[in-house]
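Colleague: missing the sequence, but the structure's below:
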């Protein structure tokens, strides 16, 4: 049997190469339903919510644009995660982010029909 770990440095194996923006994209496309082999659904959702909140604080309008882009492209089997992110954005302290989220909600929610 081939040992893949022999071909990867131990430093790379220990490093998480996932930033908050990557986590946002993954959440929008995959969600957290069913979780993963190493973390249950609730903690995974909480981790993603923290990452989304960080992205919103950094650039809320970019988050909303990304939600719309992924939703309209059909990359996600469901739009539940997109609607969740838009709800977080609609509760933002930033007025432009809130307005963008409300506008985007109509586009994303219509995809659910």
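Modeller: All right, it came through fine. Predicted model only: the values in this text are computed from it and were never measured. Numbering: from 1, shown residues only.
Colleague: Can you identify the element that follows the lowest-mean-pLDDT helix or strand in the chain toward the C-terminus?
Modeller: In the chain, the helix or strand scored least confidently by mean pLDDT, DSSP states H and E is helix 10-14, which has a mean of 48. Remark: after helix 10-14, the chain's next helix or strand is helix 20-30, criterion DSSP states H and E.
Colleague: Buried residues, that next one. List them.
Modeller: By neighbour count on 16 or more other C-beta atoms under 10 Å, the buried set for helix 20-30 is 20-21, 23-25, 27-30. Glycine gets a C-beta too; all of them are placed from N, C-alpha and C.
Colleague: Report all helices and strands that the lengthiest helix in the chain contacts.
Modeller: Assignment by DSSP state H gives helix 41-73 as the longest helix of the chain. Helices and strands touching helix 41-73, by 3 or more C-beta pairs under 8 Å, 6 or more residues apart in numbering; DSSP states H and E, are helix 20-30, helix 80-90, helix 95-109.
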